[in-house]
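Participant: 3D model of this:
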Amino acid sequence: MKNLLIAFILCLGISAVAQHRVGVRAGLNYSKFTGPLEVGESYDLTGGFHFGINYTYEFNDVFGLRAEVLYTQRGTEQTYNDDDSYYIINPISPTQAVTVVSQGNVDYNIKISNATLSLPVTANYRISRKFEIFGGASLDFVIGPTGRGKVKFEHPTDTNLIFTQSFDHKYNSDVPGQYNTFLPLQDNVQVELNGERVFLPRIIGAYYNYPFLPPEEDMPSRINSIDANLIAGINYYINSGFYLGARLEYGLLDSTNDVIDKSLKSLDDNNDFIFREDSDKSIGVAISFGFKF
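Facilitator: Alright, predicted model coming up:
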């Protein structure tokens with residue numbers, strides 16, 4: 001009982017000395033996926049932003065713990081170019097609705113942006129009056145993954161089968177075979193396919209090339225909904241409240257869903273997708289300005 005009383009008194013003493021600080025932080029992100037790649041494929045940095053609020057429990061003038069609630073954008077720019085890759089063509093012509101698999105040059109570029117609710121917790125240490133270093137981890141919930149870009153397909157011998165389609169990907173809500181139905185038919189892409197002039201959708205969803213599912217089945221998202229990051233960084237204090245900061249963030253979990261993350265290069269012998277059981281992790285840097293009260 002005596003030991004419990006002493007511990008309680010010590011906790012009260014620490015709480016009395018500690019300072020409770022709230023603050024805000026906002027800035028820019030630069031991030032990319034990193035992981036195994038196919039020949040002709042690459043991941044590059046893409047930009048985003050973040051903003052949110054935080055709470056700091058300062059045990060003394062040197063050490064504290066900080067918890068944050070942030071809206072942040074992470075993602076990557078994915079490119080792929082190969083002279084002998086498959087492409088699945090789904091016409092929307094009223095006279096032909098046959099899916100065709102063709103081989104040729106595929107030039108693919110998309111910027112993936114994952115809107116994320118991030119919950120970082122860091123330990124902060126003041127190494128001087130101006131500089132503070134910190135490290136910790138975050139639990140992240142991907143709430144709005146999207147992609148924008150385009151793909152160009154060129155058949156090696158058939159000059160009538162050269163076209164470009166744009167990506168409008170909403171990974172959490174798109175369905176197999178989906179394309180933009182708001183364009184008038186004549187505003188879509190016209191090509192000659194098997195000797196017949198047909199229309200292809202100019203703007204396609206995330207799963208345009210995937211087989212249709214029964215109505216009762218939901219399409220899995222290409223982007224996983226939960227992530228976690230290790231964090232390390234430094235803050236520079238211009239005055240007692242206003243600071244500039246930089247942090248590195250390294251993803252611990254696979255950002256892409258293996259059950260739907262297909263090969264861009266090849267199909268199997270039955271012209272079905274080959275799914276890639278690899279791990280695409282997020283890595284990035286964030287530049288911030290913040291203020292604590």
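Participant: CA only for contacts and neighbour counts going forward, please
Facilitator: Fine.
Participant: pull the helix or strand with minimum mean pLDDT from this protein.
Facilitator: Sorting the helices and strands of the chain by mean pLDDT, DSSP states H and E puts helix 2-17 at the bottom, at a mean of 45.
Participant: ok, then the element right after that helix?
Facilitator: Scanning forward in sequence from helix 2-17 by DSSP states H and E, the next helix or strand is strand 19-34.
Participant: list the buried residues of that following strand.
Facilitator: Neighbour counts over strand 19-34 (16 or more other CA atoms under 10 Å) mark 22-34 as buried.
Participant: can you check stretch 282-293 too?
Facilitator: Residues of stretch 282-293 classed as buried: 282-292 (neighbour count, 16+ other CA under 10 Å).
Participant: cool, and stretch 237-247?
Facilitator: Buried-residue list, stretch 237-247, by 16+ other CA under 10 Å: 237, 242-247.
Participant: secondary structure class of Leu183, three-state.
Facilitator: coil (DSSP: H, G, I helix; E, B strand; the rest coil).
Participant: and the gap between it and Val98?
Facilitator: 21 Å (CA to CA, to the nearest Å).
Participant: same deal with Phe51?
Facilitator: Distance from Phe51 to Val98, by CA to CA: 47 Å.
Participant: look at the two and report which has more neighbours.
Facilitator: With neighbours defined as other CA atoms under 10 Å, Phe51 and Val98 compare such that Phe51 has more, 18 against 11.
Participant: pLDDT wise, what is the more buried one at?
Facilitator: On pLDDT, Phe51 comes in at 98.
Participant: Asp254 reaches Ser279, doesn't it?
Facilitator: Yes - if you go by CA atoms under 8 Å, Asp254 and Ser279 touch, sitting 4.9 Å apart.
Participant: between these two, who's got more neighbours?
Facilitator: Asp254 (20 against 17).
Participant: for that one, which residues are in contact?
Facilitator: Shown in contact with Asp254 (CA atoms under 8 Å, 6 or more residues apart in numbering): 224, 227, 279-281.
Participant: skipping its backbone neighbours, what lies nearest Gly27 in space?
Facilitator: Ser288 (4.2 Å; CA to CA, 6 or more residues apart in numbering).
Participant: ok, Asn109 next?
Facilitator: Per CA to CA, 6+ apart, closest to Asn109 is Thr79, 4.4 Å.
Participant: so the one you found bridges to which residues?
Facilitator: Ser42, Asn109 (DSSP bridges).
Participant: measure it to Val106 for me?
Facilitator: Where Val106 is concerned, Thr79 sits at a distance of 10 Å (CA to CA).
Participant: more neighbours: these two, which one.
Facilitator: Neighbours around Thr79 and Val106, counted as other CA under 10 Å, are more numerous at Val106. The numbers are 23 against 18.
Participant: counting by contacts, list what the helix or strand that contains that one packs against.
Facilitator: If you go by DSSP H and E, Val106 is part of strand 100-126. If you count contacts as 3 or more CA pairs under 8 Å, 6 or more residues apart in numbering; DSSP states H and E, strand 100-126 packs onto strand 63-89, strand 131-154.
Participant: dump those strands into CSV; add mean pLDDT and distance to Ile204 as well.
Facilitator: Listed next are those as CSV, based on pLDDT from 0 to 100; distance: least, CA to CA, whole Å:
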stretch, mean pLDDT, distance to Ile204
strand 63-89, 97, 11
strand 131-154, 97, 9
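Participant: thank you kindly, that will do.
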